[in-house]
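Visitor: this one's structure only:
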């Protein structure tokens with residue numbers, strides 16, 4: 001289920017477009033990439049999961065993923081004010097994409113929650129990084 005969820009998150013991120021219909025994220029990786037092919041880029045990290053027994057045959061599992069978006073250099077976005085505005089728009093677009101599809105189109109997924117987004121500066125304060133935490137709640141059968 002972890003790989004299925006990660007792949008679906010990747011598909012959703014690749015489908016985010018701006019007002020002109022252009023992809024918002026240049027490339028999405030399944031791991032932190034030291035030499036990305038372009039900006040902005042994103043990578044997805046699986047952080048862990050928690051299980052809760054519901055019945056003798058089912059449990060609720062909550063998976064946690066972190067989506068990291070690394071923007072273009074601030075000067076490429078025509079200055080800090082535009083870079084800040086762009087980062088807010090992108091943060092909202094990512095959260096909205098997952099709120100709009102509560103189950104990711106996967107059987108057994110109950111809910112997707114973009115629970116937290118944090119902004120930081122990377123590469124000697126020349127780029128903005130957005131970290132979005134996603135929790136995905138599922139019901140899964142217990143093997144006996």
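Guide: Everything's here; your move. What you see is a predicted model, and the numbers here were worked out from it, not measured in a lab. Numbering: from 1, shown residues only.

Visitor: Make sure residue 81 is indeed in a strand.
Guide: No. Counting by DSSP: H, G, I helix; E, B strand; the rest coil, residue 81 is not found in a strand; it is helix.

Visitor: gap between the closest residue to residue 23 other than its chain neighbours and residue 90?
Guide: In this structure, residue 23 finds its nearest non-sequential neighbour in residue 17, 5.8 Å apart by CB to CB, 6 or more residues apart in numbering. Every residue, glycine included, has its C-beta placed from N, CA and C. Separation of residue 17 from residue 90 (CB to CB, to the nearest Å): 12 Å.

Visitor: Leaving out chain neighbours, which residue sits closest to residue 53?
Guide: Going by CB to CB, 6+ apart, residue 53 has residue 59 as its nearest residue, at 5.0 Å.

Visitor: ok, now how distant is that neighbour from residue 117?
Guide: 29 Å.

Visitor: just the strands in this protein please.
Guide: 27-29, 41-53, 58-73, 109-122, 127-141 (DSSP state E).

Visitor: what helices or strands is the longest one leaning on?
Guide: Contacting strand 58-73 under the criterion 3 or more CB pairs under 8 Å, 6 or more residues apart in numbering; DSSP states H and E are the following elements: helix 2-14, strand 41-53, helix 80-100, strand 127-141.

Visitor: Distance from the chain centre to it, please.
Guide: Centroid separation for strand 58-73 versus its chain: 5 Å, with CA atoms, centre = their mean, to the nearest Å.

Visitor: Looks like the residue nearest to residue 23 contacts residue 24 (just checking).
Guide: Yes. Counting by CB atoms under 8 Å, residue 17 touches residue 24, with 6.1 Å between them.
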